[in-house]
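Q: Predicted model follows, preceded by the sequence.
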Amino acid sequence: MKNKLIFPLLLVLTSVAQANSVDGVPSFAVECPGKFLVQADQDGPVMINGKEADTKIISERRFEAKGSGITLSIVLADDDSVAVTSTGKASNGVCQSVDD
């Protein structure tokens, strides 16, 4: 009986994980004003301080992510560099790249 329940559960979990991907989101790691750490993997969810942000596609090279009281503007430049700016409960401004 347990084996019959495991497969459907795995399917549901897999679909939930895939629902959080956002096609075109670039991979990046930045620190925004107010000490917010923002990370994303290629086509993955945007994470703000380890919590998933609500992310939407504005255009092919622009995205918006909201969470933890801030709104992020994510822009993929022609040279494939990523610029992230933040507005919200912390200081507004340009987010700085962090080295892994």
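A: Happy to help now that I have it.
Q: Touching stretch 48-60 from outside, list them.
A: The contact list for stretch 48-60 (Cβ atoms under 8 Å, 6 or more residues apart in numbering) reads 20, 22-25, 36-38, 45-47, 63-68, 70, 72. Backbone N, C-alpha and C define where each C-beta goes, glycine included.
Q: Out of those, which sit inside helices?
A: Using DSSP state H, no member of these falls in helices.
Q: which of those are buried?
A: 22, 25, 36, 38, 45-47, 63, 65, 67-68, 70, 72 (16 or more other Cβ atoms under 10 Å).
Q: And the strands in this protein?
A: Counting by DSSP state E, one finds strands in the chain at the ranges 28-32, 36-40, 46-48, 51-52, 54-59, 62-67, 70-76, 82-88, 93-94, 96-97.
Q: Buried residues in the first one, which are they?
A: Using 16+ other Cβ under 10 Å as the test for burial, strand 28-32 gives Phe28, Ala29, Val30, Cys32.
Q: from what I can see the third one touches Thr85, true?
A: No: in this structure, Val30 sits apart from Thr85 without contact. The criterion is Cβ atoms under 8 Å, and the distance is 9.8 Å.
Q: Overlap in contacts, those two.
A: Between them, Val30 and Thr85 share the contacting residues Cys95, judged by Cβ under 8 Å, 6+ apart.
Q: Poorly predicted segments of the protein, please.
A: 1-20, 100 (pLDDT under 70).
Q: Contact partners for the residue nearest the centre of the chain?
A: Nearest to the geometric centre of the chain sits Val46, at 0.8 Å (Cα atoms, centre = their mean). Residues near Val46 by Cβ under 8 Å, 6+ apart: 22, 25, 38-40, 52-53, 55, 63, 65, 67, 72, 74.
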